[in-house]
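Engineer: Sequence isn't available, so here's the structure alone:
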């Protein structure tokens, strides 16, 4: 199958976290694609990921349940769009498993109402792996909302947790 | 890349057109994936398809412009999700090219507000090709709206036009 291509990120619509991490990309891939690993790093502490379901193919489920420090649970459901082992992982919250369009049932302003597509790219680097998380939104308002929810700090801390997990396992 | 899988159609949410057509599946594939062909069959007459743009890979654009008998134009923008030559073509109107979630800017009730994912499957058959168009909606209301817009008659007549095009070319 022909690979997808992506245009340059649009600074008005997209958020990007780019960093070199000191672990091999095969280990980063495993951390992203194995439920027992995802549960250990995906959510910045003191939040936690208490459940994760993965069917690693286009249209397959990517489901997580996050728990707040107060014990409230937040389910997230999406599906994979592109799966190139050790190189690129793309999923979206705008489609349910099997590529079905989603119902936006959340009240306006609820964070779970935020639809986005995430493109995780892993490239070899002399110091480990060049890690890029590109997150696409439908409009400037959604980008701003995601930014103000703490995208950079949150995704950055989660990546720190991923690296720590890889190093100790 | 691992292929996607789809659950059985859900009669409450999905619409299905299934038919055996007397032409080889390679010709059906070409008719679906070549802009000059799409423009000749895609829209039931007296409507017409006056423009078509195709980038045949996951995330690639699938754009058409339909024209009513009165001359009003209706653009449709979507992106491909899965491309398996001569076998399966999946695209959605819920994502723009590059997998970006779409803005639903159409007024409520406008047909262009309808989000769906289409799965076209072609299988060899002793009389030509078993053709299945499975269309996934987010909820029963969208399925009903699409059904009442004339899904069976419209997609069926377009398929007749496709077969006629293949036979004469």
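Structural biologist: Received it, and whenever you're ready, just let me know what you need. Model, not experiment: these values are computed from the prediction.

Engineer: Chain A: helices as residue ranges?
Structural biologist: Under the criterion DSSP state H, helices of chain A are mapped to A:25-33, A:35-41, A:140-148, A:151-168.

Engineer: Looking at these, which one is packed in the most?
Structural biologist: Of the helices of chain A, the one with the most neighbours on average (mean count of other CB atoms under 10 Å in any protein chain shown) is helix A:25-33, at a mean of 19. Where you see a C-beta, it was placed from the backbone N, CA and C, and this is true even at glycine.

Engineer: That helix close to chain B?
Structural biologist: No. Helix A:25-33 stays clear of chain B (CB under 8 Å from any CB of the partner chain), getting no nearer than 11.8 Å.

Engineer: contacting residues around residue A:100?
Structural biologist: B:13, B:117, B:136, B:137, B:138 (CB atoms under 8 Å, 6 or more residues apart in numbering or on different chains).

Engineer: Can you tell me which of those is nearest residue A:27?
Structural biologist: Lowest distance from residue A:27 to the contacts of residue A:100 (CB to CB) belongs to residue B:117, with 33.8 Å.

Engineer: what separates that closest one from chain A, distance-wise?
Structural biologist: 5 Å (CB to the nearest CB, to the nearest Å).

Engineer: could you measure residue A:139 against residue B:102, distance?
Structural biologist: 10 Å (CB to CB, to the nearest Å).

Engineer: quick one on the thing from earlier: which one of the helices of chain A lies closest to residue B:146?
Structural biologist: Proximity to residue B:146 (CB to CB) singles out helix A:140-148 among the helices of chain A, at 26.2 Å.

Engineer: count of residues packed around the residue nearest to residue A:143 when sequence neighbours are not counted?
Structural biologist: Once flanking residues are discounted, residue A:143 sits nearest to residue A:137: 4.4 Å by CB to CB, 6 or more residues apart in numbering or on different chains. Around residue A:137 sit 24 other residues, with neighbours defined as other CB atoms under 10 Å in any protein chain shown.

Engineer: Residue B:88 versus residue A:137, what's the distance?
Structural biologist: Residue A:137 is 29 Å from residue B:88, by CB to CB.

Engineer: Over to residue A:128?
Structural biologist: Taken as CB to CB, the span from residue A:128 to residue B:88 is 38 Å.

Engineer: do the same with residue A:126
Structural biologist: 41 Å.

Engineer: show me what contacts residue A:79?
Structural biologist: Per CB under 8 Å, 6+ apart, neighbours of residue A:79: A:59, A:60, A:61, A:62, A:91, A:92, A:95, A:96, A:97, A:98, A:99.

Engineer: Now with 10 Å, please.
Structural biologist: A:55, A:57-63, A:91-100, A:102, B:4, B:81 (CB atoms under 10 Å, 6 or more residues apart in numbering or on different chains).

Engineer: hang on, the earlier thing: now for the contacts of residue A:100: which two are most distant?
Structural biologist: The most widely separated members of the contacts of residue A:100, counting by CB to CB, are B:13 and B:117 (10.9 Å).

Engineer: Find the residues that touch each one of the two.
Structural biologist: With CB under 10 Å, 6+ apart as the test, residue B:13 and residue B:117 both reach A:100, A:101, B:135, B:136, B:137, B:138.

Engineer: ok, the fourth one touching residue B:8?
Structural biologist: Spelled out, that is residue B:136. No. If you go by CB atoms under 10 Å, residue B:136 and residue B:8 don't touch, sitting 11.9 Å apart.

Engineer: quick one: which of these two has more around it?
Structural biologist: A count of neighbours by other CB under 10 Å puts residue B:136 above the other of residue B:136 and residue B:8, at 26 against 7.

Engineer: Could you find the closest non-adjacent residue to the spatially most central residue of chain A?
Structural biologist: Nearest to the geometric centre of chain A sits residue A:118, at 5.6 Å (CA atoms, centre = their mean). Excluding its sequence neighbours, the residue lying closest to residue A:118 (CB to CB, 6+ apart) is residue A:135, at 5.2 Å.

Engineer: again with residue A:14
Structural biologist: Leaving aside its chain neighbours, residue A:14 sits nearest to residue A:136 (5.5 Å; criterion: CB to CB, 6+ apart).

Engineer: same deal with residue A:133?
Structural biologist: Nearest one to residue A:133, counting by CB to CB, 6+ apart, is residue A:17 at 4.5 Å.

Engineer: Pull the number of nearby residues for the one you found.
Structural biologist: Residue A:17: 18 surrounding residues under other CB under 10 Å.

Engineer: so what's it up against?
Structural biologist: With contact taken as CB under 10 Å, 6+ apart, residue A:17 is in contact with A:120, A:131-135, A:151-156, A:158-159.

Engineer: ok, 8 Å please
Structural biologist: A:131, A:132, A:133, A:151, A:152, A:155, A:156, A:159.

Engineer: what's the most distant pair in these?
Structural biologist: Pairwise distances across the contacts of residue A:17 peak at 14.9 Å for A:131 and A:151 (criterion: CB to CB).

Engineer: rewinding a little: quick check: the two most widely separated of the shared contacts of residue B:13 and residue B:117?
Structural biologist: Applying CB to CB across those, the maximum distance is between B:135 and B:138, 11.6 Å.
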